[in-house]
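1. Generate coordinates for the sequence data below:
(one chain, ligands or ions: 1)
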Amino acid sequence: MKPADLRWVFGYGSLIWKQDFPFIESRDGFIQGWSRRFWQGSHDHRGTPVSPGRVLTLIKTPGQRCAGRAFLVEPDVFGHLDHREKNGYERIAVDIHFKDGIEEGVVYRAEPNNHAFLGDAALDEIAEHIVVSEGPSGLNAEYLVELAKALRDMGESDGHVFSLEARVLALLKTGP
Ligand code: BEZ
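-> Alright, predicted model coming up:
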């Protein structure tokens, strides 16, 4: 049981490997019925308004699970996180599955109708887009490679992320 004023926030992307916010506890877990996809444009972190990068959102996928890491935070942390994720993301309620039970929490999701949504494309196209993108938070490729590393460190696999990582690393070796 957690104290009543604390909240779980589930990270499936940069929150997994970049914690610039205070938290009381973190735990690996997953959410059911969702997949992560590099389908959201980034105007403010891994790209610019003129050349948006490609970052993650969650897509409803019945039967699939999305692994990540949940953080137990004080409510005032959401002021910072809402600002960090302001480009099209909304907080939605989710059940977070831990190895010893399920807790209610929230996750940041960019809905398909938001102004920055880019949507699906061929993996080669997404990889080429990521390799050439950069924004105030750094290289788009770093976002992908750090996520893939964090998932591997957690013992998790994600076909979409790992396939893109392989393509991006190959492009970085040979040039886009
Ligand atoms: C996350 O790491 O959970 C996250 C992904 C995309 C936007 C905001 C947060």
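
2. from here on, contacts and neighbour counts on C-alpha atoms
-> OK.

3. got the residues of the chain near the ligand?
-> With Cα under 6 Å from any ligand atom as the criterion, the chain meets the ligand at residues 10-16, 56-57, 85, 108.

4. is it true that residue 114 touches residue 90?
-> No. Counting by Cα atoms under 8 Å, residue 114 stays clear of residue 90, with 9.8 Å between them.

5. any low-confidence regions in this protein?
-> Applying pLDDT under 70 to the chain flags residues 1, 175-176.

6. Quick check: longest strand in it by residues?
-> Counting residues, the longest strand found in the chain (DSSP state E) is strand 53-73.

7. Show me what counts as buried in the following helix or strand past it.
-> With elements assigned by DSSP states H and E, the helix or strand that comes after strand 53-73 is helix 77-84. For helix 77-84, the neighbour count (16 or more other Cα atoms under 10 Å) marks residue 81 as buried.

8. how far is the helix or strand that residue 9 is a member of from where the chain is centred?
-> With secondary structure defined by DSSP H and E, residue 9 is part of strand 7-11. Remark: strand 7-11 is offset 12 Å from the chain centroid, using Cα atoms, centre = their mean, to the nearest Å.

9. Packing partners of the longest helix that the chain contains?
-> When the chain is parsed with DSSP state H, its longest helix is helix 159-174. The contact analysis (3 or more Cα pairs under 8 Å, 6 or more residues apart in numbering; DSSP states H and E) places helix 159-174 against strand 25-42, helix 123-131, helix 140-153.

10. May I see these arranged in a markdown table, with mean neighbour count as well?
-> As requested, the helices and strands packed on helix 159-174 are exported to a markdown table (neighbours: other Cα atoms under 10 Å):
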| stretch | mean neighbour count |
| --- | --- |
| strand 25-42 | 20 |
| helix 123-131 | 19 |
| helix 140-153 | 19 |
